[in-house]
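Novice: can you look at this prediction? I've put the sequence above it.
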4 protein chains.
Amino acid sequence: MTKQERPANQGRRVAARNRAALITAAREVFAEQGLNAPLSAVARRAGVGQGSLYRHFADRVALATAVLDENVRQIERAAAAPDASLTSVLGVVTWHLTRSTAFVDLLRVRGDGAEARALAGRVHSVLAGFGPAGRDLSADELMLAVAMVSGAVAGPTLAERERVALRAWRLLGVEVGPLRQPETTAADEQSDSA
Amino acid sequence: MTKQERPANQGRRVAARNRAALITAAREVFAEQGLNAPLSAVARRAGVGQGSLYRHFADRVALATAVLDENVRQIERAAAAPDASLTSVLGVVTWHLTRSTAFVDLLRVRGDGAEARALAGRVHSVLAGFGPAGRDLSADELMLAVAMVSGAVAGPTLAERERVALRAWRLLGVEVGPLRQPETTAADEQSDSA
Amino acid sequence: MTKQERPANQGRRVAARNRAALITAAREVFAEQGLNAPLSAVARRAGVGQGSLYRHFADRVALATAVLDENVRQIERAAAAPDASLTSVLGVVTWHLTRSTAFVDLLRVRGDGAEARALAGRVHSVLAGFGPAGRDLSADELMLAVAMVSGAVAGPTLAERERVALRAWRLLGVEVGPLRQPETTAADEQSDSA
Amino acid sequence: MTKQERPANQGRRVAARNRAALITAAREVFAEQGLNAPLSAVARRAGVGQGSLYRHFADRVALATAVLDENVRQIERAAAAPDASLTSVLGVVTWHLTRSTAFVDLLRVRGDGAEARALAGRVHSVLAGFGPAGRDLSADELMLAVAMVSGAVAGPTLAERERVALRAWRLLGVEVGPLRQPETTAADEQSDSA
DNA sequence: AATGAATGAGCATTCATTCAT
DNA sequence: TATGAATGAATGCTCATTCAT
């Protein structure tokens, strides 16, 4: 029964690997060149043919969504940690904000499509799961605050963006945990529902 | 080659008119499609040849600068009014924020070139000329707050953007005057030093 | 946008054919209009999309180099023939001179880029492999002589250019073999290393 | 009678000055950027409007012809000098060859239009007026030799071009006088027959 | 399922030429 | 007669998308 799985369904295995490589490449390319970067650059960096990119992702939005989906999942995972708090989750959110222009846009520009709204909604849900932190803000207000910080985050260097983000949170009177990289689990590589 | 029917060269009488038309068109096109909109679309909307656009504005930045320069000048003029206050000026700033994506980007993304920084600096100077309003904020903090509101402002409809902007200011505890259209004086049409 | 009738993508079977067609077209267009001829004209004559041209040849120089590379290879092949002599090789060189403006420019204007110099160098090497003919000239002097003849070769008709070239060689006291078309071997179509 | 001339027919005086300025500018621009340089660059360098350029010179050829006309006239003047010899005139010709790409093309590429042929013909006439020098060459052969040297003349630096030119003449066994700048007389500024 | 070449629409930019002032 | 702006065709180049292999 399990024999069939072994003689290598090479095609399927390669497919999954390609998909992951494309997401990784897209994350890097979008970060470097912005969300309008040529898709050919993504394919090249992933070491994959153009056609394969289109097989996995119908369009630019689908690819971007896949990238951001990982980000959001990491936030959800951070919120699921035993010692999680609003403060610590905001630390993860802000970590992403300072790393990824695309993520900034996600949380800033709502309504850019059903996918983006869905992702933003998941962040909203996460935040709603916590009580107020430092100030008594509703989940809606928290999302607005996140958008505001997103809007402020800009700058050529990572350090500068981090500094600005923290100042922005302070101005809002919201306490933020340390900006730390969330763990990337193997799960990130397995999504195949696109 | 043997085209006889040239749409007629209207001579240099139209020069000033063309320049103004280009700025107006650019304002609209940039607002709708963002700062990377095709310049050909601007020329078309202005009813002007491609070459004329390039004669008046050496590059995209020059054109965008001209557009934003008008915005900033209106803010400066609002600040110079006899009954001006930080609150009323923020009303004008926010009015622009809700109208123009380009203006949002100007105040959000600093360092995108000397021109942008100069324009943002002028806004900074204006804000620095007022005392605190509703909270005791330095000019730097005020600029950050403006950037944050800029970041939050998004939405398909004008009404939505206005609502969001006001909520954002409230979250910051800063009082904002009524969002009102600044007067467009003839001076705006005469700038020829770009 | 809603165009349904794409002229059909014939797949990569045509890749090699396209490359050859581009070189052929470029040879003709460059010969007729000079090395600055619009590349779009080359693509059109080759019956190929603009993009394909750029895929095969990164820039104008790469295309010109490919064209001239064939010429030089034919000269090298002529020099490798069992009964080759300086006289016979000069016949081939001169044959090209009278056929191709681009080739004339290659041998006339040195230093127009590393590629051109490399190609000219290969001609130099070929000439250096023979002893003097009709006069005792060094390889350097021979190259100069070739450049001089190149410079003299001009005229609207092929016959005129041939006549001038032969007169020029006579003035230099150098014997030249019959102007004959070198064989185009299949090898010319296979180069894929550009 | 001569009164009319004084009260300044300003228009006419300016016109002549502009014409001369255009020729000078064209000489420089064509030398730097080649014969296909933008005419707007010529007008700009001459400090003259685009329209004025077109008033004086119907097209690019007319302008180029005017530039070369000066060169040829200088050669004719050199030939008219009391101590002129074929050797000395060839020195002047070669001086021009090493200075001006346009002049090279004139003597190299015949048949580029009636104007060019006429100018080349004048050079031919000049050479025909002298006896053989160093070798017994007919005027036709001399013109061919000039074309050959023209063809050889190339190189990024003036010194290199001069060196090559002299080597080329040596290879032809023709003696050449020193390369010297011909005097520019006021006459060059007065041609108004275009 | 992957590949990589083909295709052409689209955008930026330049420049020859015309023409009102 | 000079001026300088207007015009748009032409060209280079890029890139999203399709499709034979």
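Specialist: Done, it's in.

Novice: quick one, strands of chain A?
Specialist: Remark: strands of chain A are absent; assignment by DSSP state E.

Novice: outline the domain layout of it.
Specialist: In terms of domains, chain A is parsed into A:1-57, A:60-180 (source: automatic domain parsing).

Novice: biggest helix in chain A by residues?
Specialist: Among all segments of chain A classified by DSSP state H, the helix with the greatest residue count is helix A:10-33.

Novice: how far off centre is it?
Specialist: 15 Å (CA atoms, centre = their mean, to the nearest Å).

Novice: from the contact counts, what lies against that helix?
Specialist: Helices and strands in packing contact with helix A:10-33 are listed as helix A:39-46, helix A:50-56, helix A:60-80, helix A:101-108; criterion 3 or more CB pairs under 8 Å, 6 or more residues apart in numbering or on different chains; DSSP states H and E. C-betas here are computed from N, CA, C, even on glycine.

Novice: touching DNA strand F at all, that helix?
Specialist: No. Judged by CB under 7 Å from any atom of the strand, helix A:10-33 stays clear of DNA strand F, getting no closer than 8.6 Å.

Novice: just the buried residues of that helix, please?
Specialist: Within helix A:10-33, the residues scored as buried using 16 or more other CB atoms under 10 Å in any protein chain shown are A:18-31.

Novice: return the member of those residues nearest to DNA strand F.
Specialist: Proximity of those to DNA strand F was ranked by CB to the nearest atom of the strand; the top entry is residue A:29 with 10.6 Å.

Novice: so which of the domains of chain A is nearest residue D:123?
Specialist: With CB to CB as the measure, domain A:1-57 is the member of the domains of chain A nearest residue D:123 (55.1 Å).

Novice: close to DNA strand E, is that closest one?
Specialist: Yes. Judged by CB under 7 Å from any atom of the strand, domain A:1-57 comes into contact with DNA strand E at A:11-12, A:14-15, A:18, A:47-52, A:54-56.

Novice: ramachandran angles for residue A:84?
Specialist: The phi/psi pair for residue A:84 (degrees, to the nearest 10) reads phi -70, psi 150.

Novice: count the residues that sit near it.
Specialist: Residues within reach of residue A:84, counting by other CB atoms under 10 Å in any protein chain shown, total 17.

Novice: quick one: low-confidence parts of chain A?
Specialist: A:1-11, A:109-112, A:132-134, A:185-194 (pLDDT under 70).

Novice: spell out which parts of it neighbour DNA strand F.
Specialist: Applying CB under 7 Å from any atom of the strand, we find that chain A lies next to DNA strand F at A:36, A:38-40, A:50-51, A:54, A:59-60.

Novice: reformat those as a markdown table; add distance to chain B and neighbour count.
Specialist: Written out in a markdown table, the entries for the residues of chain A next to DNA strand F read as follows (distance: CB to the nearest CB, whole Å; neighbours: other CB atoms under 10 Å in any protein chain shown):
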| residue | distance to chain B | neighbour count |
| --- | --- | --- |
| A:36 | 7 | 10 |
| A:38 | 14 | 10 |
| A:39 | 17 | 18 |
| A:40 | 18 | 11 |
| A:50 | 23 | 12 |
| A:51 | 27 | 9 |
| A:54 | 23 | 14 |
| A:59 | 18 | 10 |
| A:60 | 14 | 15 |
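
Novice: most proximal residue of chain A with respect to DNA strand F?
Specialist: Among all residues of chain A, residue A:51 sits closest to DNA strand F, at 3.1 Å; criterion: CB to the nearest atom of the strand.

Novice: which residues of chain A lie near chain B?
Specialist: A:36, A:108-111, A:137, A:141, A:144-145, A:147-156, A:164, A:167-168, A:171-172 (CB under 8 Å from any CB of the partner chain).

Novice: now, of those residues, which are buried?
Specialist: Under a neighbour-count criterion of 16+ other CB under 10 Å, the subset of these counted as buried comprises A:108-110, A:137, A:141, A:144-145, A:147-155, A:164, A:167-168, A:171-172.

Novice: and the nearest residue to residue A:63 once chain neighbours are set aside, how many neighbours?
Specialist: Ranked by CB to CB, 6 or more residues apart in numbering or on different chains and with sequence neighbours excluded, the top spatial neighbour of residue A:63 is residue A:57, at 4.2 Å. Using other CB under 10 Å as the criterion, residue A:57 is surrounded by 22 other residues.

Novice: got it, and residue A:87?
Specialist: When neighbours are counted by other CB under 10 Å, residue A:87 registers 15.

Novice: was I right about it contacting residue A:175?
Specialist: Yes. In terms of CB atoms under 8 Å, residue A:87 counts as a neighbour of residue A:175; the distance is 5.2 Å.

Novice: picking that back up, would TSV of the buried residues of helix A:10-33 with distance to residue C:160 be doable?
Specialist: Supplementary listing: those in TSV, determined by distance: CB to CB, whole Å:
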residue	distance to residue C:160
A:18	61
A:19	65
A:20	66
A:21	61
A:22	60
A:23	65
A:24	64
A:25	59
A:26	61
A:27	64
A:28	61
A:29	57
A:30	61
A:31	62
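
Novice: so which of those comes closest to residue A:182?
Specialist: Compare each of those with residue A:182 using CB to CB and the shortest gap goes to residue A:27, at 13.7 Å.

Novice: show me the contacts for the closest one.
Specialist: A:67, A:70, A:100 (CB atoms under 8 Å, 6 or more residues apart in numbering or on different chains).

Novice: top of those by neighbour count?
Specialist: Top of those by neighbour number is residue A:67, holding 25 neighbours under the definition other CB under 10 Å.

Novice: these two touch, right, that residue and residue A:23?
Specialist: Yes. With contacts defined as CB under 8 Å, residue A:67 counts as touching residue A:23 at a distance of 5.7 Å.

Novice: minimum distance to residue C:119: which of the domains of chain A has it?
Specialist: Shortest distance between residue C:119 and the domains of chain A, using CB to CB, is found for domain A:1-57: 30.5 Å.

Novice: so how far is the closest one off the chain centroid?
Specialist: Its chain's average C-alpha position is 17 Å from that of domain A:1-57, according to CA atoms, centre = their mean.
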